[in-house]
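J.: Quick one, structure for this:
(chains A and B)
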Protein chains: 2
Amino acid sequence: MEFQAADVERLITLLRWRRDVRHFRPDPVPEPLIARLEQAMTLAPSVGNSRPWRVIRVEDARLRADVRDDFLRCNEAAAAGYDNERRDSYQALKLAGLDHAPVQLAIFCAADPAQGHGLGRQTMPATLEQSVSMAVFALWLAARAQNLGVGMVSILDPARIEALLEVPEDWHFVAWLCIGWPEFQDDTPLLHRSGWQENDETAWLTR
Amino acid sequence: MEFQAADVERLITLLRWRRDVRHFRPDPVPEPLIARLEQAMTLAPSVGNSRPWRVIRVEDARLRADVRDDFLRCNEAAAAGYDNERRDSYQALKLAGLDHAPVQLAIFCAADPAQGHGLGRQTMPATLEQSVSMAVFALWLAARAQNLGVGMVSILDPARIEALLEVPEDWHFVAWLCIGWPEFQDDTPLLHRSGWQENDETAWLTR
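T.: Residues are numbered from 1 along each chain as shown, chains lettered A, B, ... in the order given. Modelled structure (predicted):
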């Protein structure tokens, strides 16, 4: 498989227009598009080919409401940690699309999967969660390539989410994904636009 | 920016042909291609727009040799943990391209960057390393789209790598990346081909 110059250009465009989306239209997402997201995840790299990602698609209204409550609690606690002016800025941000996103996924990592036979993670157990993070990013890009938005919510108490969803003891919560049609598009992060945190450069060093 | 049906197809093809490469040709990689990798990383998602990835491009022959030694030590220890037959299989695998890869990057995560002002990581500090993992994957895809291979090496002692490269105390080692022209291509993981670990399916659950 030889890729052409246009391929890296297209990838860069996709990366540039991927956003963390918190503003969703409530329209449903056709199932074939969701199947593409699932397919993209299966093609992610994983340590020892262990594929440690575990995914629950959450449709239940009561569960979704409980997760929103947990977000509100955690978000309030986070706001309380800032001084006055910064707290006002924080509270003005919309940090999750839990209210409207039609598709919501809870993503977990298996703590010690049989798959892979431990290869590649003896000195660095975090490689499992690295694999899950990359699988989330594969899904994220496949969403954007279909003009869908993904918002990754981490202002949650992992233990609370694990308890709510009654997951096996060896599943650790990694992220909550809100998925749907975005209300608007942008090639620049919302946190940069809003003045919370600009796009700082991090230059490579050489040794 | 409206993406077309061909875009998700192209992305899936790129994901399918991305591999963890351990067999490199020694030919140099032109600098403009490396600049693309750097650009791709800057477009990765990050918690609070904190961009916590820190990258050292390692050219120094002595440092590279020290890292290869650490890999050999860690790999031998890992092999010793398997029973006879599995150990033979393990020892038959080539698990790193540290010998020939012309470009080698050490990737770190900043433990508590000022950027982002802590947003999104109060209850889940691992979101920083999640961001770095996604940036690595962005680079990986940009490499493959330019027909380059990337191999991610985790059979290393993080503390040893941090000491060798004399990084600031708040930088934590995430991965060592070997980059160059692959000796061969495949749409299937080497660990599947070799029979170490097949591509298991992990179906989504619904609640």
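
J.: so what's A:E38 up against?
T.: Taking Cβ atoms under 8 Å, 6 or more residues apart in numbering or on different chains, we find A:E38 in contact with A:V55, A:L139, B:W204. From N, CA and C alone the C-beta is placed, and that goes for glycine too.

J.: The same query, at a cut-off of 10 Å, please.
T.: A:V55, A:R57, A:L105, A:L139, A:A142, B:T202, B:A203, B:W204 (Cβ atoms under 10 Å, 6 or more residues apart in numbering or on different chains).

J.: Could I have the buried ones of the residues you listed as ChimeraX selection syntax?
T.: In ChimeraX, this line selects whichever of these come out buried by 16 or more other Cβ atoms under 10 Å in any protein chain shown:
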select /A:55,57,105,139,142 /B:202
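
J.: Mind picking the lowest-pLDDT entry from the contacts of A:E38?
T.: Taking the contacts of A:E38 together, the minimum pLDDT is found at B:T202 (86).

J.: how about the contacts of A:E38 in a markdown table, adding secondary structure?
T.: Output for the contacts of A:E38, formatted as a markdown table (DSSP: H, G, I helix; E, B strand; the rest coil):
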| residue | secondary structure |
| --- | --- |
| A:V55 | strand |
| A:R57 | strand |
| A:L105 | strand |
| A:L139 | helix |
| A:A142 | helix |
| B:T202 | coil |
| B:A203 | coil |
| B:W204 | coil |
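
J.: Touching, A:D20 and A:L95? I think so.
T.: Yes. With contact defined as Cβ atoms under 10 Å, A:D20 reaches A:L95; the gap is 9.3 Å.

J.: overlap in contacts of the two?
T.: A:G151, A:V153, A:L190, A:L191, B:G120.

J.: Could you report the separation of A:D187 from A:P102?
T.: From A:D187 across to A:P102, the span is 24 Å (Cβ to Cβ, to the nearest Å).

J.: And these two? Which one has more around it.
T.: A direct count of neighbours by other Cβ atoms under 10 Å in any protein chain shown for A:D187 and A:P102 places A:P102 higher, at 16 against 12.

J.: Chain neighbours aside, what residue packs nearest to that one?
T.: Excluding its sequence neighbours, the residue lying closest to A:P102 (Cβ to Cβ, 6 or more residues apart in numbering or on different chains) is A:G180, at 4.6 Å.

J.: and the longest strand for chain A?
T.: strand A:171-182 (DSSP state E).

J.: Tell me the strands beside it, with direction?
T.: Next to strand A:171-182 in the sheet, as set by DSSP bridges, lie strand A:24-25 (antiparallel), strand A:103-110 (antiparallel), strand A:149-153 (antiparallel).

J.: Return the most buried member of these.
T.: Of all the strands paired with strand A:171-182, strand A:149-153 carries the top mean neighbour count, a mean of 26, counting by mean count of other Cβ atoms under 10 Å in any protein chain shown.

J.: do the helix or strand just after that one and chain B meet?
T.: The helix or strand immediately downstream of strand A:149-153 is helix A:158-164, counting by DSSP states H and E. Yes. Counting by Cβ under 10 Å from any Cβ of the partner chain, chain B has neighbours in helix A:158-164: A:P158, A:A159, A:R160, A:L164.

J.: related to what we said a few turns ago, my guess is the residue nearest to A:P102 contacts A:P28, does it?
T.: Yes. Using Cβ under 10 Å, A:G180 is in contact with A:P28, at 8.4 Å.

J.: Looking at these two, which has the bigger crowd around it?
T.: The residue with more neighbours, out of A:G180 and A:P28, is A:G180; 24 against 10, by other Cβ under 10 Å.

J.: quick check, nearest of the residues of helix A:158-164 next to chain B to chain B?
T.: The closest of those to chain B turns out to be A:P158 (Cβ to the nearest Cβ; 6.2 Å).

J.: what's the burial count for that closest one?
T.: Count around A:P158 with other Cβ under 10 Å applied: 16.

J.: Just the pLDDT for it.
T.: What the model reports as pLDDT for A:P158 is 98.

J.: residues in contact with the residue nearest the centre of chain A?
T.: In chain A, the centroid-proximal residue (Cα atoms, centre = their mean) is A:M152; its distance is 3.4 Å. Neighbour list for A:M152: A:20-22, A:96, A:107, A:133, A:136-137, A:140, A:174-178, B:45, B:47, B:120, B:127, B:130-131, B:134 [criterion: Cβ under 10 Å, 6+ apart].

J.: Can you check which helix is longest in chain A?
T.: Of all the segments of type helix in chain A, defined by DSSP state H, the longest one is helix A:61-80.

J.: got the angle for that helix vs strand A:171-182?
T.: Here helix A:61-80 points in a direction 100 degrees away from that of strand A:171-182 (axes from the mean of the first three to the mean of the last three Cα atoms, to 10 degrees).

J.: Quick one: residues in contact with helix A:61-80.
T.: Applying Cβ under 10 Å, 6+ apart, the set of residues contacting helix A:61-80 is A:56, A:58, A:60, A:86-91, A:93, A:95-96, A:98-99, A:101, A:104, A:106, A:153-157, A:160-161, A:163-165, A:176, B:118-124, B:207.
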